[in-house]
Every structure is written in structure tokens, then in C-alpha cells.
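K.L.:
Curious how this folds, go ahead:
(2 chains)
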Amino acid sequence: ETGVTQTPRHLVMGMTNKKSLKCEQHLGHNAMYWYKQSAKKPLELMFVYNFKEQTENNSVPSRFSPECPNSSHLFLHLHTLQPEDSALYLCASSQDLTRGAVHEQFFGPGTRLTVL
Amino acid sequence: AQKVTQAQTEISVVEKEDVTLDCVYETRDTTYYLFWYKQPPSGELVFLIRRNSFDEQNEISGRYSWNFQKSTSSFNFTITASQVVDSAVYFCALSERSGGSYIPTFGRGTSLIVHP
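P.N.:
Residues are numbered from 1 along each chain as shown, chains lettered A, B, ... in the order given. Next comes the predicted model:
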């Protein structure tokens, strides 16, 4: 596997379900991100992790719970979601965010989530 | 107010036409970074270019060129002799310092459709 992978690619869940999205990067990066992409809206940054530590939480509802067990893996745990949470969830990684470093991001193909 | 404005929601051209995608940004920082990403139908955003605020040199890469003008806060992207494979959504992004890190803000994207 190369680059950034995400599983599952598609997910349909009811509002009472609990599910998790998984992201894995094979690039040796230390920063990982979750984005939400809804139709006709800008890409919304949800969470940022740098060296496994959460550095950004963009006022995301608690029904979204991220987990970063190591620099290569990032999860997004979902529970009691709403239909408006239906969107494409994109994971990205970059080299790191240390000392004001700025690096391009590498994105996964996303998980298309539908909440019924 | 949006920090990154891509006023063109959708552009439709015929193959071999030149096309320019506009990006206007807003920041009070003197140090910032600008990016362009391409999102083909497969979903994953692909990095195209990064430019820092101190480097106003225009750049050309094959059929792609970028025009950075600080005086007008614009970072426009031109595709010369467009091809069907250029059909995608293109995002402009601005990275400003947030806390100790540079976090990107994306525009809404411009959907480019190239007809054969």
C-alpha cells in the first residue's frame, strides 16, 4: 500500500449506530488531519494531530471522536450521527507541524458517509 | 468573510482552450502559504503547488502556470491547452499561523469541465 488509504470507502449507517472510519498513511508523516466535505460547502477541517497529539479541534460536535494511536493511523469514531453529517470524510497527512513547518498535504480517497 | 474566495463555481471549456481559475485570499499575516490542489472524480485531493508569501515569482510546470500577485491578494492558476483529463475540482488554500502551526483554509473549489 502506498500513500494514504481510507476504509471503508462507503458507509451507510442509521442514527443510532456506532461506526469508525480508518485512515492509514505509508509516507512516514507525523501530522494527520480529518476533513469533512459536503456538497456546495468549503472543505471543513475537523481535527489535526501532530506526533499523535491533537492540536486542533474545530468545534466539532462530540458525536465525532478522533483517535490517533500512532503517527501512521487515524480513526474517526462516529455515534448517534444526524442526516446532515452525511458527507465525504477525507483524511490527509503531512510531514509535520513542528516549529511552524509548512508542508503540502497528501489526501486519501475519502469515505462517503450516508446517515439515514 | 471567506479567507479564500474562488468566485468561479464551475467552468466549462472545450479541449485545447486555455482556462484560468481565480483565487483571492485574505490575511493580515506577512508570512503565509498558498496552495492549489486538484480533486479528480476519484475523490482524493492531489497537491499541485505551494507558494510562500515572500516568493512572488510566477511558476510554470508543463501546461500549468501560476500567477501570484500580493498587490491584489490573488493566486491564479492557468491551464494551457486544456485536456479532458484536466476535468476536476480545483481548490485553492491559504495556510496562516494558528497557535504554533500553519493550518490550511480551503476555498469552495472550482469545478472544471473540459469537453472533447
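K.L.:
Find the residue at the geometric middle of chain A.
P.N.:
To find the centre residue of chain A, average its C-alpha atoms and take the closest one (C-alpha atoms, centre = their mean): that gives A:W34, at 2.6 Å.
K.L.:
Could you list every helix and strand in contact with the strand or helix carrying that residue?
P.N.:
With elements taken from DSSP states H and E, the one containing A:W34 is strand A:31-37. Judged by 3 or more C-beta pairs under 8 Å, 6 or more residues apart in numbering or on different chains; DSSP states H and E, strand A:31-37 is in contact with strand A:18-25, strand A:44-50, strand A:73-79, strand A:87-94. All C-beta spots, glycine's among them, are computed from the backbone N, C-alpha and C.
K.L.:
Give the partner strands of it in its sheet and their orientations.
P.N.:
Using DSSP bridges, strand A:31-37 pairs in its sheet with strand A:44-50 (antiparallel), strand A:87-94 (antiparallel).
K.L.:
Take those and lay them out in JSON lines including mean pLDDT.
P.N.:
Converted to JSON lines, the strands paired with strand A:31-37 look like this (pLDDT from 0 to 100):
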{"stretch": "strand A:44-50", "mean pLDDT": "92"}
{"stretch": "strand A:87-94", "mean pLDDT": "95"}
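K.L.:
Buried deepest among those, which one?
P.N.:
A comparison of the strands paired with strand A:31-37 by mean neighbour count, using mean count of other C-beta atoms under 10 Å in any protein chain shown, puts strand A:87-94 on top with a mean of 24.
K.L.:
how big is the angle separating that strand from strand A:73-79?
P.N.:
Relative orientation of strand A:87-94 and strand A:73-79, computed by axes from the mean of the first three to the mean of the last three C-alpha atoms, to 10 degrees: 160 degrees.
K.L.:
Now the element after strand A:87-94, going C-ward?
P.N.:
Going down the chain from strand A:87-94, the next helix or strand is strand A:106-107, by DSSP H and E.
K.L.:
ok, the residue nearest to the centre of chain A - contacts?
P.N.:
Contacts here follow C-beta atoms under 8 Å, 6 or more residues apart in numbering or on different chains; on that basis A:W34 touches A:C23, A:L45, A:M46, A:F47, A:P66, A:L74, A:L76, A:Y89, A:L90, A:C91.
K.L.:
Name the helix or strand of the chain that has the lowest mean pLDDT.
P.N.:
No chain was given, so I picked chain A. Every helix and strand of chain A was ranked by mean pLDDT, DSSP states H and E. The lowest is strand A:53-57, at a mean of 85.
K.L.:
try chain B instead
P.N.:
By the measure given (mean pLDDT, DSSP H and E), strand B:101-106 is the least confident helix or strand of chain B, showing a mean of 84.
K.L.:
and that strand, what does it pack onto?
P.N.:
Looks like strand B:101-106 contacts strand A:44-50, strand A:53-57, strand B:33-39, strand B:88-98 (3+ C-beta pairs under 8 Å, 6+ apart).
K.L.:
Having no further points to raise, I will conclude here.
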